[in-house]
Each structure stands twice: as C-alpha cells, then as structure tokens.
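J.: Structure of the sequence below:
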Amino acid sequence: MTSHWTASHVAAIDPKTTPNAPLFSKPEPLLPGIDLWDYWPVQEEDGSQAIIAGGTLFILLSAPVQLDPDARHGMARLRLMHRTRDRWRDLGLLFEADFSPGSREWSGSAIISPDHGVVTLYYTVAGTRGEDVVSFGQRLFQTQADLIVEGDAIAFSAWSQPTEMLVPDGMHYERDMVGGGAIGTIKAFRDPAFFRDPADDAAYIFFAASLAQSKSFWNGAVGVARRTQDGLWDALPPLISADGVNNELERPHVIVHDGRYYLFWSTQRKVFADNGPAGPNGLYGMTSDRLAGPWRPINGTGLAFANPPEAPFQAYSWFVLPDLTVQSFADVTGLSRLPADPTEARRHFGGSPAPELRLKIQGDRVWLA
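T.: Residues are numbered from 1 along each chain as shown. Sure thing, here's the model as predicted:
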C-alpha cells in the first residue's frame, strides 16, 4: 500500500509555528582540504550505533575542496572515520580506486554482524567507471568485509565484489535519472538504508526513488525492497509517494519507537513543485502502526523541524537513530540566502558534521528536545 504526502499536508506548514533547529556557526573542518557530508554510523541490526574500539565507526562522503562546494557531488568517495567522544580519527578512503563500478560513491548504510566480525555496506554507485562526462545514473550495490580490531587499530579485509541489489523496473520506479541535469532536478534511485522489522524479523531496504509513469516532474518517492529467503532483494511498490509535490525524498530511513514506525527523510525548498506549496529545508517524516502502512504525516504536515530562518541552509541530510539522536552535516552556514558566487559559497560551506540534535516523540507528534 502506497501512502501519499500531499500538497494539503505541505500547505498546512505554518512558518510562525515551525519548529526550528538551533543556529550554529560554521564548524572547523575535521580534515583540512577535504569536504565531508552525508555520513552514517556502522549500525547493529536493530539500528543502534555499534560500539567499535571504544567509539563509533562512520562512513562519510568526501571530496577534495573545490572553489564551488557543489562540485563535490561529482567527485564523491566513501571515507571511513572513527569517533570517540568528540575526537575524530581519519582512517582513509573506504575503497581502492576503481573498486566501485561507477565514477562516484554516494550515500547508503552499513550493518555489522552480531559477532562484530563482518560489515555489510549498502551504497549508491553514481555514473559509470571511466566516463568523460559526469552522468547521473544511480545504482544500488552491496559489499562485505571482515572487520579487524586490535586495540584502537581498525582495518577491513578486502571488500567482496560489489553486487547490484535491484534495478528500477520502469513500472513503479523510474529508470531515467537525468531529469533536468542540474542539482535538485535529477531523478532518484539512491540512498539505500537497511531496516530489520522487529515484527517478523524480515530485512528491508528503503531508498530515495522517482515514480515511473508519473505525469508530474515532481515525482519523488520512498522506495522499498524486501530480502528474500535466497538473499536477493525483491522490489515492492513505493512506501511513500510525493507525486506532484516534491522531487526528492532523500536518505529515507525507519526507526521503531514505543512500538510504532517512524519513517524520516530530508528535503529542500528548491525541490518542491513550482505550482504548489513548499516547505523549508528540514527533516520530514510519517508514522504508522505497521510497516506496510497506512502512513500518516507526523505533526499533520510531515515536518519534524526546519533549519532556523536566519540560516535556512545551515544543515542537511539528517539521520535519526533509535535513541532519537539526529545527525547531519553543516551545509551553507550563516546566510539567509543561497550565494550565487562560488567564492562566497565556499566561505560559508561547513563540509563537516553538524552539532547533533535529539528528538522527542509522542504518537504522531515529533519535536526537538
């Protein structure tokens, strides 16, 4: 059953009562000369952060600093870092060059085995290997490696050959990823997030998708696939449709809290339909009593919280953990508008983890602690 996030839900967002995240200043770079964004922890199968070598392993998108921060998307490589308290340690690029069958590596999720011996990574491969012109094709892949921990030394064995998990079928999920070609207009088949349903122990992958056979340019959706008994992934109809409302429901993921399901995603004002209501850059979500739905917009609108109005682009790519911690990265900080000049954009781009937040949840209501 596909549930719908509609224009009437978005229209009910009231800027006067919108919950806003606290304002923060541009953070110091974790790695000088390297931009970092869209990061996620290595998780246990229940979604909690795995404790490894006394801290947390994170996988982040990374790219060498360019004058225009948006150029990072065409150079993204997965990076491994370890955090203990507030100390971050760089463990280098996750893969050797030319390991992935694409030109870039985009967001996903990582799950550790119960014995902490093996990590399975689900991630997005963008473009094709060796291409001369950056393309926007997106494919979902998985790979595994043994985790080796000796004291505070952390390493992986050779990663297994990456295997494609599923492909868009052209019936539910759009195959053409190009869209308008500009950031915010390309179509989606990316951001795989693992989830094990405590109700029946089945494994699922959620992903950002675009609806096939839609008559609207703004055809964003949350896709879902279920793992079969033979270990393959079976694509199901979209869980959430934003047809005619929004082009990108990014990094969708599910947690369970007090026996109910909460599906969260990130989106931006610029990807709402031109001829309809638009919400702010923020964390959005829906809730349900069961994974199959029906799903209802949290807070009646879908909006959990937005960036502060004086810095509406300060953070993005929010990721909610089962303990209700919210992680994100610092985007364009300290400005009330997006800069047209790349030099100004560079001065204000964070390119590092943003301060963590925490949610409170009661039924359909979600707010910042």
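
J.: Next, name the residue at the spatial heart of the protein.
T.: residue 251 (2.5 Å; CA atoms, centre = their mean).

J.: Report the mean per-residue pLDDT for the strand or helix carrying that one.
T.: Using DSSP states H and E, residue 251 maps to strand 250-257. In this model, strand 250-257 carries a mean pLDDT of 98.

J.: and if you look at stretch 315-327?
T.: Mean predicted confidence for stretch 315-327 is 98.

J.: mind exporting it as PDB, just the C-alpha atoms?
T.: Extracted in PDB, the C-alpha atoms of stretch 315-327 (Å, rounded to 0.1, in the frame of the first residue of the first chain):
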ATOM      1  CA  ALA A 315      22.400  21.700   7.800                       C
ATOM      2  CA  TYR A 316      21.200  18.900   5.700                       C
ATOM      3  CA  SER A 317      20.900  15.100   5.300                       C
ATOM      4  CA  TRP A 318      19.500  14.400   8.800                       C
ATOM      5  CA  PHE A 319      19.700  10.800  10.100                       C
ATOM      6  CA  VAL A 320      17.700   9.700  13.100                       C
ATOM      7  CA  LEU A 321      18.900   6.900  15.300                       C
ATOM      8  CA  PRO A 322      16.600   4.700  17.500                       C
ATOM      9  CA  ASP A 323      17.700   6.600  20.600                       C
ATOM     10  CA  LEU A 324      16.300   9.700  18.800                       C
ATOM     11  CA  THR A 325      19.800  11.300  18.200                       C
ATOM     12  CA  VAL A 326      19.800  13.200  15.000                       C
ATOM     13  CA  GLN A 327      23.000  13.500  12.900                       C
END
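
J.: buried stuff in it?
T.: Within stretch 315-327, the residues scored as buried using 16 or more other CB atoms under 10 Å are 315, 316, 317, 318, 319, 320, 321, 322, 324, 325, 326, 327. Any C-beta I mention is one placed from the backbone N, CA and C, and that applies to glycine too.

J.: For the first one, give its distance to residue 21.
T.: I take that to be residue 315. For residue 315, the distance to residue 21 equals 7 Å [CB to CB, to the nearest Å].

J.: element containing residue 10?
T.: Using DSSP H and E, the element containing residue 10 is helix 7-11.

J.: for residue 218, same thing?
T.: Here residue 218 is assigned to no helix or strand, by DSSP H and E.

J.: What sits closest to it if chain neighbours are left out?
T.: Spatial nearest neighbour of residue 218, excluding adjacent residues (CB to CB, 6 or more residues apart in numbering): residue 273 at 4.2 Å.

J.: so that neighbour makes contact with residue 242?
T.: No: in this structure, residue 273 is not within contact of residue 242 by CB atoms under 8 Å, at 9.0 Å.

J.: Could you pull out the residues contacting both of residue 315 and residue 21?
T.: Residues touching both residue 315 and residue 21 (CB atoms under 8 Å, 6 or more residues apart in numbering) are residue 307.

J.: Would you list the phi and psi of residue 289?
T.: With angles defined as degrees, to the nearest 10, residue 289 sits at phi -80, psi -10.

J.: So for it, what's the pLDDT?
T.: The model's pLDDT for residue 289 equals 98.

J.: if I pick it, what's in contact with it?
T.: 260, 261.

J.: so where is the chain shaky, pLDDT-wise?
T.: 179-183 (pLDDT under 70).

J.: can you pull the buried residues of the lengthiest strand in it?
T.: The single longest strand within the chain, with elements called by DSSP state E, is strand 138-150. The neighbour-count check on strand 138-150 (16+ other CB under 10 Å) flags 138, 139, 140, 141, 142, 143, 144, 145, 147 as buried.
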